[in-house]
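Novice: here is my input, please return the structure:
(one chain, ligands or ions: 2)
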Amino acid sequence: MVNNAGVNNEKDWEKTINVNLTSVIRGTYIGLEHMSKKNGGQGGVIINISSLAGLTPAAYQPVYSASKHGVIGFTRSIAALASIGNYGVRINTVCPAFVDTPLLETIEKEENMGEFYQYKDKLKDMMKCYGVLDPSLIAKGMVSLIEDESSNGAVMKITTSRGIHFEDFGAHQTTKI
Ligand SMILES: NC(=O)C1=CN([C@@H]2O[C@H](COP(=O)(O)OP(=O)(O)OC[C@H]3O[C@@H](n4cnc5c(N)ncnc54)[C@H](O)[C@@H]3O)[C@@H](O)[C@H]2O)C=CC1
Ligand SMILES: CCCCCC(=O)/C=C/[C@H]1[C@H](O)CC(=O)[C@@H]1CCCCCCC(=O)O
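Specialist: Ligands and ions are numbered 1, 2, ... in the order given. Predicted coordinates:
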């Protein structure tokens, strides 16, 4: 199961929280209800789509960034629970940098950016500087997460400079009992 739907809307920021975070939480709980071996399910993999903006401050997209930080915190937490509870379900996060999809067009719209519309050129400059990923690389990262049976609570990052790699949380990698 992939919880992928997302919006970039700083003007209607409550919608951004609802779609990007609340729906991911709801989707994950519904998925676990059906997939968890504790409920008679067959197990499986859930991938929640965050963003590099979920790991870094995003000055011109504060609520988008907050929603994506939330996705990472929720996913890592519920992944720890799934492991402790032997659900047989692995739950991971993918954090792409800029990807060539229609979402990027929202950066140029006042109806999406609200008061941060004035900074649209700075965001466009960042895209020029960091580059824009082809969606196929995100698909490749997701397939590898599905196939790697050891991955649970992983936070995959995908950038033009480093390709597919993982965030290392060091001492905070797992829940301590
Ligand atoms: N394009 C980018 O640069 C990046 C995108 N992401 C994330 O990737 C995910 C996919 O986005 P993209 O394909 O880039 O954008 P997109 O705008 O092309 O696709 C977003 C999808 O979400 C769906 N959606 C939005 N609101 C919905 C709702 N209320 N109910 C059901 N579906 C809804 C849309 O119909 C659309 O199919 C999102 O979570 C986004 O935040 C993460 C990092 C970078
Ligand atoms: C329409 C929203 C798309 C958001 C895509 C995204 O994740 C952008 C994140 C940037 C945010 O606006 C502020 C940042 O610093 C984020 C990172 C930009 C990419 C860094 C790539 C670094 C590298 O290639 O090593």
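
Novice: quick one: end-to-end distance for stretch 13-31.
Specialist: Stretch 13-31 has an end-to-end distance of 26 Å (Cα to Cα, to the nearest Å).

Novice: all further residue positions should be reported with the first residue as 24.
Specialist: Okay, using 24 as the starting number, the last item reads as stretch 36-54.

Novice: and it, what's its mean pLDDT?
Specialist: Across stretch 36-54, the average pLDDT comes to 98.

Novice: over to stretch 121-138?
Specialist: When pLDDT is averaged over stretch 121-138, the result is 98.

Novice: can you tell me what sits against that stretch?
Specialist: Here stretch 121-138 makes contact (Cβ atoms under 8 Å, 6 or more residues apart in numbering) with 29-34, 36, 83, 140, 142-143, 146-147, 149-150, 153-158, 161. The way it works is simple: take the backbone N, C-alpha and C, and place the C-beta from them, glycine included.

Novice: next, give phi and psi for the residue nearest the centre of the chain.
Specialist: Closest residue to the average C-alpha location of the chain: Ser73 at 1.2 Å, with Cα atoms, centre = their mean. Note on Ser73: its backbone torsions stand at phi -100, psi -130 [degrees, to the nearest 10].

Novice: thought Gly96 was touching it, still the case?
Specialist: No. Applying Cβ atoms under 8 Å as the test, Ser73 and Gly96 come out as separate, 9.7 Å apart.

Novice: is stretch 183-192 anywhere near ligand 1?
Specialist: No. On the criterion Cβ under 6 Å from any ligand atom, stretch 183-192 is out of touch with ligand 1, staying 11.6 Å away.

Novice: return a ChimeraX selection command for the buried portion of the contacts of stretch 121-138.
Specialist: Applying 16 or more other Cβ atoms under 10 Å to those, the buried members can be selected in ChimeraX as follows:
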select :29,31,32,33,34,36,83,140,143,146,156,161
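
Novice: the contacts of stretch 121-138 also near ligand 2: which ones?
Specialist: With Cβ under 6 Å from any ligand atom as the criterion, these include Asn31, Met149, Tyr153 near ligand 2.

Novice: so which of these is the closest to Thr183?
Specialist: Of all those, Tyr153 has the smallest distance to Thr183: 6.1 Å, by Cβ to Cβ.

Novice: hang on, the closest one packs against Thr183?
Specialist: Yes. Tyr153 is in contact with Thr183 according to Cβ under 8 Å; the separation is 6.1 Å.

Novice: common neighbours of those two, please.
Specialist: Residues within reach of Tyr153 and of Thr183 at once, by Cβ under 8 Å, 6+ apart, are Ala120.

Novice: where's the residue nearest to the centre of the chain relative to ligand 1, distance?
Specialist: Relative to ligand 1, Ser73 is positioned 7 Å away (Cβ to the nearest ligand atom, to the nearest Å).
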